[in-house]
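Student: Sequence first, then the predicted structure:
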Amino acid sequence: MAGIFRNIYDWLLRLFWATEMDVTVIGLQNAGKTSLLRVLAGGEFTVDSIPTVGFSMKRLQKGHVALKCWDLGGQPRFRAMWERYCRGVNAIVFIVDSADPSPDNIPQAKTELHSLIKNTTLDGIPLLVLGNKSDLPDSLGVDDLIVQLELNEISRREVSCYSISAKEETNLDAVIQWLINKAKR
Amino acid sequence: MISQEARVFNDTPLNVSKCRDVLTKILHTVRSGDHIPEGETTDLFFAVSKLFQHKDPNLRQLVHLIVRELAGITEDVIMITSSVMKDTVGGSELIFRPNAIRNLCRVIDLSTVQAIERSLKTAINDKSHAVASAGIISSYHLYLPATESSRRTLPETQDALSSFGGSSGLGMFGTHSPSSMPQYHALGLLILLKRNDRNGLVKLLQSFQRADLVRNPLGVVLLIRLAGTLIQTDSQLKSPLIAVLKGWADHKTDMISLEALRTLAGLTYSNQDDALAIIKVLSPHLQSPRAVVKIMALRILKLLSKQFPSIVSPFNRDLENSISLGNKVISTLAIAILLQTGSEDSVERLVGQVKTFIPDISDEFRLFIVASVEELALKFPKQTQCIINLLSTILREEGSSAFKERIILSYAKLIQYSPEFRDEILMQLCEFVEDCEYPKLAILVLNILAVESSQTRRTGPFVRYIYNRIVLENSNVRAASVAALSTICQNGGDNDTTFQRSILQLLTQATDDSDDEVRDRAITGISPCLGLGKGWLTPKTDEEFGDLEDHLTGLVRTDSAVDLSDWQPRLASSHLPTKHLETGPVVGTVAARSEAFSSISKLVPMVSTFGRVWTASATEHLTEPEAEYVLEATKYIYAQHIVLHVRVTNTLPDVWLRDASLVSVPALGEALSDHGSLTQVFTTSIDVLGPGESKDLLVGFALEEVLEERGKTSNYPLCKLINTLKFTAAEDVNDNAGYEDDFQVEAVALGLADYFVAEYAHTESWDSGSVSEAQKSFKSTRFRSISDSVAYISSNLGLEAQAVHVQSNQLCFGGKLPFGSYIDVKVRMAPVETGVAFQITARGENKHALDFVVRGFLQMVKW
Ligand SMILES: Nc1nc2c(ncn2[C@@H]2O[C@H](COP(=O)(O)OP(=O)(O)OP(=O)(O)O)[C@@H](O)[C@H]2O)c(=O)[nH]1
Ligand SMILES: [Mg+2]
């Protein structure tokens, strides 16, 4: 008898208190995905971070929410696999290097983003677009990103766009807050 | 199915114990060889890869085990590289860490391999034996795909080898504590890394030959095997290494002692005392109560007894007792040794034992025993009757087709060695075929009957058995019977025309058979016996078809009417190597090559003093065309010199060869080989051979001069030249380091055909006062008929039609060696049971040259 109450209690606790959520972090190589997660987990920002081969998993505990973050490699050969790791998650975070001056950067990011969310398997999953490296000069602001990435074209899901810096830890609270909100669905 | 169960991997929260169940199930499926459909592996792999998030260490270890299996099946495995790498670091308390390290080499691809080198090195130097072993093993597996990466772990591996050594000695029964495992693995890797560096291997062996330095018995076994191979490659090492091996043979660990004894027993000794010394150490093992030890000891005894049969006799009593011990393997080995070493008077008793023993043992052992029995019959021809009786008894036993086939083949061999038993053996085979359940064996027997029965006193009885097959069996066997009958008929059927006619009648009946193969064989069998269509039934050679095709294409092109009357098959001249370099026009690539040769031979001034080229061989490949370095060789024969011209092509995209040279030495100890006295007089080298480049190498030899009354000649070698390309490989042009390497390529054979140039045969010269003669008779089993051998000899010696006179079973031709006058050659041939018998006679002025031609001919035909 006591066991049953114990189970129910655990269940209630999990329901109202401890929540676990899946988040997939994607974006072109060198955008700063791994750096951002390292900083969010309380680690040091490092300049010479090695490219992610495949994916790696980072667990973040924010209050009563445990975020399981799937950090995917951004190199072209891994992009075909993004979709699989986005299926069924609570949120997709798409990171752009907003200070990369190369003319291909933003158009490429736009193409990859749009071809990913076209997949019906990912319908309805909220999307957070982050323009990273705002500490660098000549980085694109939120408004420019929205226009250049054609975020207004995206329908059937919630889309937000923030400008952040993993290095200077700018605006990271907003990111956490946005993510945690998605856990309460 | 599996991917359905794998859904639990996506549950939140994750049910760990359920996941482990499913993972175990998957592991079992994959390991037991069941196939997972292509589409499912991808899904499964992704589901599994998500489990990397979970902290439970046991679950994680299972995940790594699954990754290990799936890595070979799905290409998506690259996705988990980062996750696997993350698992390779951390304390040694993490049970999955070694698994992760072992997986490194499986998930990596060449673009990421450098990223793991550091992880490997750290792992190899880890204090935990499991981690260190895992690192070494990963590096071992990287050797093929990424040799350089593997090579860079060499210093760490060397450290591990000594740091896990300790000197605590072995456990009581040689059961080794797992903590010494890295030694075994490290030795394996070091031997692999140094496999092209013999000196390095010798040093490695020398530094660890003190028994207590390597604690792991498996490691010592590796060293013993290394010693065994080193002895084979360098005779100078033989006596020091034998001493080392003897030390190990005395080791108290059975595994080590037996391995050393086995290696020692496999060497050749000139003195029986060496074998006795081995036996002394071996005998306690022979008494061992542990079956494995005893079996191994018996194997070693058997190996040794091949060389020195008499040393077994002190053990005869023991061996005979072992037969009844109840262990099949031991009994079989004991019998085999007794059979192998038994004396003539013990044969009968042994055969009796085999008879009672055979029904109880499995097929594998029976095959072994039949082979020993056969050897015995060949050794003691007087005992053949007794052995035939044995074979006929065991042929009637229940048994697999492999077993029976082996017996039939033994019979066939006995017929050849003891023809006086032909009738009896064939009769037994006939009885066997009467109720033979295996069509394949029936066909085999019929083929033997076809060939052998015409050599018996009376073929009639055999024909009856063969005919019965046509009436009773399935179509395959019927076809074989028909073929057998027609062979017998064509062989003359006892020279009895009525008998021949009755066979023809049987064959005629078979032309109504329901199976078309049987009908076809019957018809092709009848025709030659009736003297019908002789020409069109004999098979055309391939060249003739080629010529015919050329002829027809020509007709099609010129649009003329098809008329075959002017088509004459050219006499197999198209594939003859072009010889006479200086006479007559030379064709195609040979011309191009000889041009290349004359220009590069100018670089070696000495060549111009050799005189004119006597023959130039066709170019032969010394490597596969897809090898890393492709070598092609052409031989140039001069009166007193030989020049080997080798063209080297470097097909590797990113390797530069420096100081490449060819080492070419006569093969020693080859049967029929005679390397005269070949002295190397020059060799050229290539300074740099870049990717994709081809350059030439020359090696020149001088021949020994032989002076005779009637002029001089040379001592021409008849042997193989073993070739090795030596070079320093570097990864870019200016790299002065590089590493030295040897590349062994095919040997080049020097035979009569290289020296002998056929000329028009003067039939009249044979009896007209030639001074000397050399003659030899021998048999060769490589030809089935006289025409086979004529074709072979003509094409080998480049005998053009005008140089040959083929009369009844006699080939007359003539020609010259670089020195001396014309040599007349007559070869008589006669069919014998086992092939063709030859008698070659050479006449001419120069005795030495005649002897040479005869020897060269023998070697050419026998090789
Ligand atoms: N100045 C600046 N540099 C950053 C910031 N975030 C990341 N970087 C740098 O950007 C580079 C790439 O960072 P990573 O986090 O490895 O990039 P990634 O998106 O994980 O790359 P892949 O794993 O290859 O897909 C590193 O040199 C980081 O130091 C930032 O906010 N400001
Ligand atoms: Mg990354």
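Tutor: Perfect, thanks for sending it. Residues are numbered from 1 along each chain as shown, chains lettered A, B, ... in the order given. Ligands and ions are numbered 1, 2, ... in the order given.
Student: pull the helix or strand with minimum mean pLDDT from chain A.
Tutor: Least confident helix or strand, chain A: helix A:2-16 with a mean of 67, by mean pLDDT, DSSP states H and E.
Student: so B:Leu23, which of the three states?
Tutor: What DSSP: H, G, I helix; E, B strand; the rest coil gives for B:Leu23 is helix.
Student: what about the residue lying closest to it once chain neighbours are set aside, how many neighbours?
Tutor: Distance criterion CB to CB, 6 or more residues apart in numbering or on different chains; nearest residue to B:Leu23, sequence neighbours excluded, is B:Leu62 at 4.4 Å. Heads up, the C-betas are built off the backbone N, CA and C, glycines and all. B:Leu62 has 23 neighbours, counted by other CB atoms under 10 Å in any protein chain shown.
Student: Now do the contacts for the closest residue to ligand 2 within chain B.
Tutor: Closest residue of chain B to ligand 2, CB to the ion: B:Ser82 (7.9 Å). By CB atoms under 8 Å, 6 or more residues apart in numbering or on different chains, B:Ser82 lies in contact with A:52-56, A:73.
Student: what about B:His54, how many residues close to it?
Tutor: B:His54, neighbours per other CB under 10 Å, totals 17.
Student: Starting from B:Ala71, give me the distance back to it.
Tutor: In this view, B:His54 and B:Ala71 are 20 Å apart by CB to CB, to the nearest Å.
Student: Repeat that for B:Ala483.
Tutor: Applying CB to CB to B:Ala483 and B:Ala71 gives a distance of 53 Å.
Student: same deal with B:Gly352?
Tutor: Counting by CB to CB, the gap from B:Gly352 to B:Ala71 is 57 Å.
Student: For chain A, what lies in contact range of ligand 1?
Tutor: A:27, A:29-35, A:47, A:49, A:51-52, A:73-75, A:132-133, A:135-136, A:165-167 (CB under 6 Å from any ligand atom).
Student: Would you mind listing what in chain A touches chain B?
Tutor: When proximity is defined as CB under 8 Å from any CB of the partner chain, chain A approaches chain B at A:14, A:20, A:22, A:50, A:52-57, A:59, A:68, A:73, A:77-78, A:81, A:84-85, A:88.
Student: The same query, at a cut-off of 7 Å, please.
Tutor: Residues of chain A found near chain B (CB under 7 Å from any CB of the partner chain) are A:20, A:50, A:52-57, A:59, A:68, A:78, A:81, A:84.
Student: For those, give me a markdown table that also has pLDDT.
Tutor: A markdown table is the format used below for the residues of chain A next to chain B (pLDDT from 0 to 100):
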| residue | pLDDT |
| --- | --- |
| A:Glu20 | 84 |
| A:Ile50 | 84 |
| A:Thr52 | 89 |
| A:Val53 | 87 |
| A:Gly54 | 88 |
| A:Phe55 | 90 |
| A:Ser56 | 88 |
| A:Met57 | 86 |
| A:Arg59 | 87 |
| A:Lys68 | 90 |
| A:Phe78 | 91 |
| A:Met81 | 89 |
| A:Arg84 | 90 |
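Student: for the residues you listed, which one is nearest B:Glu845?
Tutor: Checking the residues of chain A next to chain B against B:Glu845 with CB to CB, the nearest one is A:Val53 at 79.7 Å.
Student: secondary structure class for the closest one?
Tutor: coil.
Student: Verify the stated contact: it with B:Ser111.
Tutor: No: the pair A:Val53 / B:Ser111 is not scored as a contact, 8.8 Å apart, by CB atoms under 7 Å.
Student: Between the two, point out the one with more neighbours.
Tutor: Neighbour count, other CB under 10 Å: between A:Val53 and B:Ser111, A:Val53 has more, with 25 against 11.
Student: Pull the contacting residues for the residue nearest to A:Leu72 when sequence neighbours are not counted.
Tutor: Once flanking residues are discounted, A:Leu72 sits nearest to A:Phe55: 4.7 Å by CB to CB, 6+ apart. By CB atoms under 7 Å, 6 or more residues apart in numbering or on different chains, the contact list for A:Phe55 reads A:70-73, A:85, B:79, B:82-83.
Student: for A:Asp135, what are its contacts?
Tutor: Shown in contact with A:Asp135 (CB under 7 Å, 6+ apart): A:165, A:167-168, A:170.
Student: Now name the helix or strand holding the residue nearest to B:Ala6 when sequence neighbours are not counted.
Tutor: Distances taken as CB to CB, 6+ apart put B:Ala47 closest to B:Ala6, at 4.5 Å, once the chain neighbours are dropped. Assigned by DSSP states H and E, B:Ala47 belongs to helix B:38-50.
Student: mean confidence for that helix?
Tutor: Taken as a whole, helix B:38-50 has an average pLDDT of 83.
Student: Show me what counts as buried in that helix.
Tutor: Residues B:40-50 are the ones in helix B:38-50 that count as buried (16 or more other CB atoms under 10 Å in any protein chain shown).
Student: can you dump the C-alpha coordinates of that helix into CSV?
Tutor: This file holds the C-alpha atoms of helix B:38-50, laid out as CSV (Å, rounded to 0.1, in the frame of the first residue of the first chain):
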residue,chain,number,x,y,z
GLU,B,38,19.2,-2.7,-44.1
GLY,B,39,16.6,-0.2,-43.3
GLU,B,40,16.3,-1.4,-39.8
THR,B,41,19.9,-1.0,-38.9
THR,B,42,19.8,2.7,-39.6
ASP,B,43,16.8,3.2,-37.4
LEU,B,44,18.2,0.9,-34.8
PHE,B,45,21.5,2.7,-34.9
PHE,B,46,19.9,6.1,-34.3
ALA,B,47,17.8,4.8,-31.5
VAL,B,48,20.9,3.3,-29.8
SER,B,49,23.0,6.4,-30.4
LYS,B,50,20.5,8.4,-28.3
